[in-house]
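Undergrad: coordinates only, sequence not included:
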């Protein structure tokens, strides 16, 4: 992605007159150094938050006391809180908070995995597309036949 980021800047200013290139330097620097990171950071932050909430909803649908895994984790956290000397109400709240934090961690991991997957797919698509687009003018160099003079 970083190579594509740099190559796009070179592609943009390739055919510009040097006088125009100098006047457009501020635009390129401000766009690539200020606006792009701010916009992409807010986009990925919102995407990760959305995916985390979606993951919490998906994971919590099946986490009831009828689920053996969920009930055993809740009972273990409840017994641990009771063994530490907390009352039943407080132990119940601690067990629910422990269970909620576990679900939140799992949904965050699911969100990160999804974002990384989207970025990988986008990077592959951009790499394939950029393989067929010439980003600069190529100079044709004559190929010199070698080997005869080395005999």
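TA: Here it is on my side, so go on. Note that this is a predicted model, so its numbers are computed, not measured.

Undergrad: my read is that residue 98 contacts residue 76, right?
TA: No: between residue 98 and residue 76 there is no contact under C-beta atoms under 8 Å: 9.1 Å. The C-beta positions use only the backbone N, C-alpha and C, and glycine is treated the same way.

Undergrad: higher neighbour count, those two?
TA: Legend: neighbour count by other C-beta atoms under 10 Å for residue 98 and residue 76, higher for residue 98 (17 against 12).

Undergrad: now the more buried one: which helix or strand?
TA: In this assignment (DSSP states H and E), residue 98 forms part of helix 88-132.

Undergrad: state the mean pLDDT of that helix.
TA: For helix 88-132, mean pLDDT is 91.

Undergrad: please shift the residue numbers so they start at 586 in all later answers.
TA: All right, first residue 586 from here; so that's helix 673-717.

Undergrad: so which elements touch it?
TA: Secondary-structure packing of helix 673-717 (3 or more C-beta pairs under 8 Å, 6 or more residues apart in numbering; DSSP states H and E): helix 587-597, helix 621-646, helix 653-668.

Undergrad: can you give me the buried ones in the second one?
TA: By that I understand helix 621-646. For helix 621-646, a neighbour-count test (16 or more other C-beta atoms under 10 Å) marks 636, 637, 640, 641, 644 as buried.

Undergrad: what's the burial count for the nearest residue to the first one once chain neighbours are set aside?
TA: Excluding its sequence neighbours, the residue lying closest to residue 636 (C-beta to C-beta, 6 or more residues apart in numbering) is residue 696, at 3.5 Å. The number of residues packed around residue 696, counting by other C-beta under 10 Å, is 20.

Undergrad: cool, and residue 686?
TA: 10.

Undergrad: could you measure from it over to residue 679?
TA: Applying C-beta to C-beta, to the nearest Å, the value for residue 686 to residue 679 is 11 Å.

Undergrad: need the overlap of contacts for those two.
TA: When C-beta atoms under 8 Å, 6 or more residues apart in numbering defines a contact, no residue borders residue 686 and residue 679 alike.

Undergrad: which residues does residue 677 contact?
TA: 663, 666 are the contacts of residue 677 under C-beta under 8 Å, 6+ apart.

Undergrad: ah, wrong one, I meant residue 626
TA: Taking C-beta under 8 Å, 6+ apart as the definition, residue 626 has no contacts.

Undergrad: picking that back up, mind putting the buried residues of helix 621-646 into a markdown table with distance to residue 707 and pLDDT?
TA: Output for the buried residues of helix 621-646, formatted as a markdown table (distance: C-beta to C-beta, whole Å; pLDDT from 0 to 100):
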| residue | distance to residue 707 | pLDDT |
| --- | --- | --- |
| 636 | 16 | 96 |
| 637 | 20 | 95 |
| 640 | 21 | 93 |
| 641 | 25 | 92 |
| 644 | 26 | 87 |
